[in-house]
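Colleague: I'll drop the sequence and a predicted model, then ask my questions.
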Amino acid sequence: MDTYIDLCQSFGVPLWVGPLLHAASRLKTTDRIKRRKVYRLIQRQLLNDRIGCSTCDKPTYVYPAELKEMVRAAFPNDICHYEDPCHENVVAITMNDLKRMELS
């Protein structure tokens with residue numbers, strides 16, 4: 001797990017994301033599915049803290065570039081470069097949002 005904590009520190013991502021990376025790494029599947037698992041676990045934390053839920057009940061989150069790069073560095077195989085969505089339920093998450101969750 002120390003490698004994931006080091007990875008978080010090197011990309012400037014809050015340390016609470018490290019255990020989520022470790023949980024996804026234990027899956028015996030492809031890197032694509034591991035990345036998806038990390039994003040789903042982060043989404044669950046964001047929904048629990050009600051971040052971006054003032055406008056709709058289930059927002060679509062767009063994560064900061066630092067977080068995306070870190071997840072791709074942790075699980076580098078089969079990377080697809082999708083465009084960020086742009087509809088009315090999109091909530092852009094910032095690094096400040098992620099760091100604020102660490103304090104709460």
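Modeller: Cool, the structure landed.
Colleague: quick check: longest helix of the chain.
Modeller: Counting residues, the longest helix found in the chain (DSSP state H) is helix 31-48.
Colleague: against which helices or strands is that helix packed?
Modeller: Packing partners of helix 31-48 (3 or more C-beta pairs under 8 Å, 6 or more residues apart in numbering; DSSP states H and E): helix 18-25, strand 60-62, helix 65-74, helix 95-103. The way it works is simple: take the backbone N, C-alpha and C, and place the C-beta from them, glycine included.
Colleague: go again with 7 Å.
Modeller: Packing partners of helix 31-48 (3 or more C-beta pairs under 7 Å, 6 or more residues apart in numbering; DSSP states H and E): helix 18-25.
Colleague: hmm, back to that, quick one, the longest helix of the chain and helix 18-25 angle?
Modeller: 140 degrees (axes from the mean of the first three to the mean of the last three C-alpha atoms, to 10 degrees).
Colleague: buried residues, helix 31-48. List them.
Modeller: 31, 34, 35, 36, 37, 38, 39, 41, 42, 43, 46 (16 or more other C-beta atoms under 10 Å).
Colleague: let's have these in TSV, adding pLDDT and distance to residue 94.
Modeller: Output for these, formatted as TSV (pLDDT from 0 to 100; distance: C-beta to C-beta, whole Å):
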residue	pLDDT	distance to residue 94
31	93	26
34	95	24
35	95	20
36	94	22
37	96	23
38	96	18
39	93	16
41	94	19
42	93	13
43	91	15
46	88	12
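Colleague: in contact with residue 95, which residues?
Modeller: Going by C-beta atoms under 7 Å, 6 or more residues apart in numbering, residue 95 touches 12, 64, 66.
Colleague: buried among those residues? Need that as a selection in PyMOL.
Modeller: The following PyMOL line selects those of those that are buried, judged by 16+ other C-beta under 10 Å:
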select buried, resi 64
